[in-house]
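**Student:** Fold the following.
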Amino acid sequence: MSQPWDYIAKIVSLGDSGCGKSSLTVRLCEGRFSPHHDVTIGVEFGSRIVPVGPPSSLSLAINNPSARSLSPPTPSQPSKNHSQQPQEQKHMKLSLWDTAGQETYKSITRSYFRGASGALLVFDITRRNTFLSATSWLHDLRQIAEEGIVVVLVGNKSDLAASSTVSPSSPSTSGSPHDQENKRQVTKEEAEEWCKANGVMQYVETSAKSGEGVERAFLEVAERIYQNIEAGKYDLNDRRSGVKGPGAGGGSAGRVNLNQAARGKKGTAGWSGGCC
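**Tutor:** Numbering: from 1, shown residues only. Model (predicted):
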């Protein structure tokens, strides 16, 4: 029986404690949310197989290189699509390492960054101090992880931010129902500027509670790793590499289709399969 994945990549989640890193992993792997989660000690693990590259990446509009050729062909230049064979969908097994955010475990946590090819740098958009800590976490990651690691900044708990702007008054003191819902302390524009200043690929806002943006965050990382694979940037046979090809290990995780059609049918919490 052939393996259900073509590549395997080590992905780490990092950031301050209480930002929802574990909840994001559980949401991706099991499609559920628990309001109460024990503090992570050291690291917790999960895995999920996702489609990478076309045709899935084109329907998701992630990492789409074809945007430069959207004009229709002229009569003298017939479309090449009729002569091309359908491209076989590739799949990647994400080996997810959810690391502890507490300062007590930081020395242990850093060791788990070694060999990672991708990372979700998570902060809580309702707690500005967790955003300010992102710079320190990114520095630690780049000191230890593989050179050129793919990093996506994730602003979690978007369900607590009804507005894209920061409320001028504290939700605890304001009597307005709108302000009660909007606990945002970091704007999307500010986070995107931070990404540009620190060489981070992308910013994605998520809600582990509702599932909004969770697929997108992990797929942003997976697609960029796949692009690096296609460019020959990894030695897939190197046992120390954070990305490996077929034959690197078992492939027992259930396959899940994360394209737009599947999301429309299953919503945010009805995925098949489970976390390994």
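
**Student:** could you pull out the helices for the stretch 51-200 of the chain?
**Tutor:** Taking DSSP state H, counting those that start in this stretch as the criterion, the stretch 51-200 of the chain carries its helices at 56-60, 106-111, 128-132, 134-144, 177-181, 188-198.

**Student:** which parts of the last one are buried?
**Tutor:** If I follow you right, that is helix 188-198. 188, 191, 194, 195 (16 or more other C-beta atoms under 10 Å). (Each C-beta comes from the backbone N, C-alpha and C, glycine too.)

**Student:** if we take those residues, which one ends up nearest to residue 147?
**Tutor:** Using C-beta to C-beta, residue 195 is the member of the buried residues of helix 188-198 that sits closest to residue 147, with 19.0 Å.

**Student:** Near residue 43, how many other residues are there?
**Tutor:** Residue 43 has 17 neighbours, counted by other C-beta atoms under 10 Å.

**Student:** can you check residue 150 too?
**Tutor:** Count around residue 150 with other C-beta under 10 Å applied: 26.

**Student:** quick one: contacts for it?
**Tutor:** 117, 118, 119, 201, 221, 224, 225, 228 (C-beta atoms under 8 Å, 6 or more residues apart in numbering).

**Student:** Among those, find the lowest-pLDDT one for me.
**Tutor:** Looking at the contacts of residue 150 by pLDDT, the weakest one is residue 201, with 91.

**Student:** How about residues contacting stretch 18-28?
**Tutor:** For stretch 18-28, contacts defined as C-beta under 8 Å, 6+ apart pick out 13-15, 32-34, 37, 40, 44, 46, 48, 96, 98-99, 101, 120, 122-124, 127, 130, 154, 156-157, 206, 208-209, 211, 214-215, 217-218, 268-269, 275.

**Student:** do the same with stretch 128-135
**Tutor:** Applying C-beta under 8 Å, 6+ apart, the set of residues contacting stretch 128-135 is 15-16, 18-19, 121, 123-125, 153, 155, 185-186, 190-191, 194, 198.

**Student:** Just the buried ones from these?
**Tutor:** Among the contacts of stretch 128-135, those scoring as buried are 15-16, 18-19, 121, 123-125, 153, 155, 185-186, 191, 194 (criterion: 16+ other C-beta under 10 Å).

**Student:** roughly how far apart are the closest residue to residue 10 other than its chain neighbours and residue 2?
**Tutor:** Setting aside the residues directly before and after it, residue 10 is nearest to residue 242 in space (C-beta to C-beta, 6 or more residues apart in numbering), at 4.3 Å. Separation of residue 242 from residue 2 (C-beta to C-beta, to the nearest Å): 23 Å.
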